[in-house]
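**Student:** Okay, predicted coordinates and the sequence, questions at the end:
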Amino acid sequence: MTMTILRDGQLVEDNWTLIEDGSRDVSSDATSAGRRVIVTLARWGTEREALLSSHTAVGVLVPNTADIEAVYAEIQDRPLIALQFPAFADGRALSQAVVLRKRLGFRGELRAVGDVIRDLVFWLGRCGFDSIAPRKDQRLEDCRAALTELTVAYQAAADAHTPVWIRRRGHARAQ
Amino acid sequence: MYRYDETDRALVMQRVEQFRDQTRRYLAGELTEEEFRHLRLRNGLYQQRFAPMLRISVPYGLLESAQLRTMAHIVRKYDRGYGHFTTRQNIQLNWPKLEQVPDLLAELAEVQLHGIQACGNDTRNITSDYLAGVAADEHIDPRPYCELLRQFITLHPEFYWLPRKFKFGFTGAAVDRAATRTNDVAVHLVRREDGAIGYRFFVGGGLGRLPMLGQEMNAFVPEADLLSYACAILRTFNRFGRRDNIHKARIKIVLREWGYERFRAAIEEEFARIKASVEGEELLLLPQDIERVRAHFTAPAYEPPAQAGAAVTALAASDAGFAAWMKRNVRAHKMPGYRVVFVSLKAPDRTPGDCTAEQFEALADICDAYSFGELRSTYDQNLVLADVPERELREVWRRLNAAGLATPNIGLVTDIVCCPGLDFCGLANAGSIGVAQDIYRRFDTLDAQYEVGAIRITISGCMNGCGHHSVGHIGILGVDKHGEEWYQVTLGGSAGNDAAVGERIGRALARNEIADGVERLIRGYLELRCDEDETFLECYRRVGMAPFKTRLYENESEAAAA
């Protein structure tokens, strides 16, 4: 069964399969062979070659306690990095996302997974997540709309906003 | 006063509509209790004992007359005719109805008021020196820097879901009037010998269960780097603050568990990385950015003094009530011909910090007529008219007095700091307002208050310490013992330059003993002090706990001896 997710502001069918730790060795698993899989950072560390040889693409799920700068060398060439929200009010992955985008320059797909509710979506978008997998009970169309819930912002995060103190420099000159 | 432009206005208005939709979905059963809890807290709405409480942010304690008139209207229309000023310079309403709160917020937004990030695990309203811009001991006005930081932290997406609440306090004066080191971060504006402005940062303060004062992290962060350094602290907290135990989630716990050196190194490392990246460029404040915000806080159009203090002194001599008020509630101003006037919210038999609709209106009229239309809220739950011409003092007193706002007790024993306690608060273990009123009655006469002199009594109804009991000269903490209200007493706390956490004196006192106990402590001080100039705090620091302990528990020693 495929899931619907938000990618680049649109609702699309997910073409990735998340493989949790504890499931069988996916490198030899017939059901996942040839597919696009997201595996945990721990599994990526131990089964890298086998995973790459048997799958179309491999993304990595990073725990929100990881030092993203320290592990980046291992995952910087991945097409997708997934960050975790064990509870929607646990914002650790928001800092990981901003550092990935703005400091480390990660340009691949950045996905939010876990307890992702509609009211978290706006903040995810601003912190550089271009791929959001809402919790199963969430109304997807509402999640999509939530991305643009507020259109003004004082500061820049990992988004297109220019900080207000920089924008106002132009006004000061005009006066 | 900071004036909104289109961006500020649009942000607050959009925020109201966002919350309106969240409230609608909650009432329709589309949001769980837990989900809505996090959302409403970030809009200032807290569930209390009987009704929701709405906390309204007063940025760095500055209010203007239009806001006061709106507050009068709001408390009549949506509440029971009064609001409550807190120790963090904010205003709380105790009786709004949830379904009306979106409309209430929309009305507040019309006058630049809101509840954004007033509660919840986020960056809270910034507090500051209530004498900013008018104090003679001020070297740099902190308000422009507060405002720049306010813009950075308001709805910052990365720091919107922190492990716990996070508070900033600012000062730019020799005397710390904002209890800055009780905040997670204290920012002291400083000027180096070469004239350069910068910030002395303290981190890790906080009251509550484990009261701690902030420790110096950096003695001089350059003026341009306010936001970068704040970002480094916030990111470190967001990453490493504990999320497994709400009682260990403040940044002070990270500091305690890591130790000072490791903690400081982590902040400095993150600061250096921010500076070296594109973030550093975005967060760098240019001199013009600071000047542009500073222009919002220029001094009002002071007039040269017509006749100086002599006339006022003569008037004072003719009226004892006016004289008492002049002595206690009026302070020097850096501008000749002007005074700072304290408005006491500590009248007899009133809840400390409460302000009625009629008082909001009277204050709006008074500050329009005599203090350039502005008012400030203080850390001690009083108010300040910062720029009153000397020649108008008599009339200001008459009008404040008529409104019940001229009790001449600023800084005295009846100027008690007090949280809402068990009467309102869902967290409280014991009542605090009644205790404050009992103590008040013991020292109701002015002579008794003047005899005691400068003292700060602070009362909290629970460990969370909203009444700042741990930094009171006499601190009182309400606790629950098998369904009864008991009170622990601490001595020697201070929130000023000599900031210290008070020490617990001994066993808790019962509700019917606490006012007697405080009276014995104060009578003990009057016996113990070396002269009339030695304050309670100075006396305690000289003689120590033992003689106070003997006096507090004197009845028990008699009982034990008998």
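**Tutor:** Okay, I see it. This is a predicted model, so every value here is computed, not measured.
**Student:** Show me what from the stretch 251-400 of chain B comes close to chain A.
**Tutor:** When proximity is defined as C-beta under 8 Å from any C-beta of the partner chain, the stretch 251-400 of chain B approaches chain A at B:273, B:277, B:278, B:279, B:282, B:283, B:285, B:286, B:288, B:289, B:292. (Glycine included, C-beta is placed from N, CA and C.)
**Student:** so how far is the lengthiest helix in chain A off the chain centroid?
**Tutor:** Identified as the longest helix of chain A according to DSSP state H is helix A:41-54. Centroid separation between helix A:41-54 and its chain, computed with C-alpha atoms, centre = their mean, to the nearest Å, is 20 Å.
**Student:** about what we covered before: among the residues of the stretch 251-400 of chain B next to chain A, which one sits closest to residue B:107?
**Tutor:** Checking those against residue B:107 by C-beta to C-beta gives residue B:292 as the nearest, at 29.3 Å.
**Student:** pretty sure that closest one contacts residue A:168?
**Tutor:** Yes. If you go by C-beta atoms under 8 Å, residue B:292 and residue A:168 touch, sitting 6.3 Å apart.
**Student:** Overlap in contacts, the two.
**Tutor:** Counting by C-beta atoms under 8 Å, 6 or more residues apart in numbering or on different chains, residue B:292 and residue A:168 have no contacts in common.
**Student:** quick revisit: which helices and strands does the longest helix of chain A pack with?
**Tutor:** Other helices and strands packing on helix A:41-54, by 3 or more C-beta pairs under 8 Å, 6 or more residues apart in numbering or on different chains; DSSP states H and E, are strand A:36-40, strand A:57-62, helix A:68-75.
**Student:** 6 Å instead, please
**Tutor:** strand A:57-62 (3 or more C-beta pairs under 6 Å, 6 or more residues apart in numbering or on different chains; DSSP states H and E).
**Student:** tally of neighbours for residue 118?
**Tutor:** Since no chain was named, I'll use chain A. 24 (other C-beta atoms under 10 Å in any protein chain shown).
**Student:** nope, chain B please
**Tutor:** Count around residue B:118 with other C-beta under 10 Å applied: 26.
**Student:** quick one: which helix or strand includes it?
**Tutor:** Per DSSP states H and E, residue B:118 falls between elements, in no helix or strand.
**Student:** Disregarding flanking residues, what is the spatial nearest neighbour of the residue in chain B that chain A sits nearest to?
**Tutor:** Among the residues of chain B, residue B:161 lies nearest to chain A; the distance is 2.9 Å by C-beta to the nearest C-beta. Closest residue in space to residue B:161, ignoring its immediate chain neighbours: residue A:91 at 2.9 Å, by C-beta to C-beta, 6 or more residues apart in numbering or on different chains.
**Student:** thinking that neighbour is in contact with residue B:159, fair?
**Tutor:** No. Using C-beta atoms under 6 Å as the test, residue A:91 is too far from residue B:159 to be in contact (7.5 Å).
**Student:** ok so, going back, contacting residues around the longest helix of chain A?
**Tutor:** With contacts defined as C-beta atoms under 6 Å, 6 or more residues apart in numbering or on different chains, helix A:41-54 is touched by A:27, A:33, A:58, A:60, A:62.
**Student:** for the residue positioned nearest the centre of chain A, what are its contacts?
**Tutor:** Nearest to the mean C-alpha position of chain A, counting by C-alpha atoms, centre = their mean, stands residue A:111 at 1.9 Å. Shown in contact with residue A:111 (C-beta under 6 Å, 6+ apart): A:82, A:131.
**Student:** What mean pLDDT does the helix ranked longest in chain B get?
**Tutor:** As assigned by DSSP H, the longest helix anywhere in chain B is helix B:6-27. Averaging pLDDT along helix B:6-27 yields 97.
**Student:** and what of stretch A:82-93?
**Tutor:** For stretch A:82-93, mean pLDDT is 98.
**Student:** What residues of it count as buried?
**Tutor:** Neighbour-count burial for stretch A:82-93, counted by 16 or more other C-beta atoms under 10 Å in any protein chain shown, picks out A:82, A:83, A:84, A:85, A:88, A:89, A:90, A:91, A:92, A:93.
**Student:** Out of those residues, which two sit at the greatest distance?
**Tutor:** Across the buried residues of stretch A:82-93 (C-beta to C-beta), the longest gap, 19.0 Å, separates A:82 and A:89.
**Student:** how about the nearest residue to residue B:425, chain neighbours excluded?
**Tutor:** Nearest non-adjacent residue to residue B:425, counting by C-beta to C-beta, 6+ apart: residue B:48, 5.7 Å away.
**Student:** no, scratch that, I was asking about residue B:285
**Tutor:** Nearest residue to residue B:285, sequence neighbours excluded (C-beta to C-beta, 6+ apart): residue B:224, at 4.9 Å.
**Student:** Wait, a strand at that neighbour?
**Tutor:** No. Read with DSSP: H, G, I helix; E, B strand; the rest coil, residue B:224 is helix and lies in no strand.
**Student:** Please tell me I have it right and it contacts residue B:284.
**Tutor:** Yes. Between residue B:224 and residue B:284 there is a contact under C-beta under 6 Å: 5.3 Å.
**Student:** need the residues of chain A near chain B, please.
**Tutor:** Applying C-beta under 6 Å from any C-beta of the partner chain, we find that chain A lies next to chain B at A:89-91, A:94-95, A:98, A:102-103, A:119, A:123, A:126-127, A:149-150, A:152, A:154-157, A:163-165, A:172.
**Student:** at 7 Å instead, please
**Tutor:** Within chain A, the residues that sit near chain B (C-beta under 7 Å from any C-beta of the partner chain) are A:89-92, A:94-95, A:98, A:102-103, A:117, A:119, A:123, A:126-127, A:149-157, A:163-166, A:168-169, A:172.
**Student:** Tell me the residue of chain A that sits nearest chain B?
**Tutor:** residue A:91 (2.9 Å).
**Student:** Please report phi then psi for the residue lying closest to residue B:135 once chain neighbours are set aside.
**Tutor:** Distance criterion C-beta to C-beta, 6+ apart; nearest residue to residue B:135, sequence neighbours excluded, is residue B:173 at 5.2 Å. Main-chain torsions, residue B:173, degrees, to the nearest 10: phi -120, psi 170.
**Student:** Residue B:162 now?
**Tutor:** The phi/psi pair for residue B:162 (degrees, to the nearest 10) is phi -80, psi 170.
**Student:** need the contact list for it.
**Tutor:** A:91, B:121, B:122, B:237, B:238, B:241 (C-beta atoms under 7 Å, 6 or more residues apart in numbering or on different chains).
**Student:** Let me know the secondary structure of the nearest residue to it once chain neighbours are set aside.
**Tutor:** Excluding its sequence neighbours, the residue lying closest to residue B:162 (C-beta to C-beta, 6+ apart) is residue B:121, at 4.8 Å. Here residue B:121 is recorded as coil under three-state DSSP.
**Student:** so residue B:121 makes contact with residue B:163?
**Tutor:** Yes. With contact defined as C-beta atoms under 7 Å, residue B:121 reaches residue B:163; the gap is 6.4 Å.
**Student:** Quick one: neighbours of residue B:482, just the number.
**Tutor:** Residue B:482 has 5 nearby residues by other C-beta under 10 Å.
**Student:** Need the per-residue pLDDT for it.
**Tutor:** With respect to pLDDT, residue B:482 has a value of 93.
**Student:** ok, now the one 3 residues further on?
**Tutor:** Model confidence at residue B:485, given as pLDDT, is 96.
**Student:** give the contact list for the residue nearest to residue B:202 when sequence neighbours are not counted.
**Tutor:** What sits nearest to residue B:202 in space, not counting adjacent residues and going by C-beta to C-beta, 6+ apart, is residue B:214, at 3.3 Å. Residues near residue B:214 by C-beta under 7 Å, 6+ apart: B:181, B:183, B:185, B:186, B:202, B:203, B:204, B:205.
**Student:** For the residue nearest to residue B:347 when sequence neighbours are not counted, give me its contacts.
**Tutor:** Spatial nearest neighbour of residue B:347, excluding adjacent residues (C-beta to C-beta, 6+ apart): residue B:407 at 4.9 Å. Taking C-beta under 7 Å, 6+ apart as the contact definition, residue B:407 lies against B:344, B:346, B:347.
**Student:** Okay then, goodbye and thanks.
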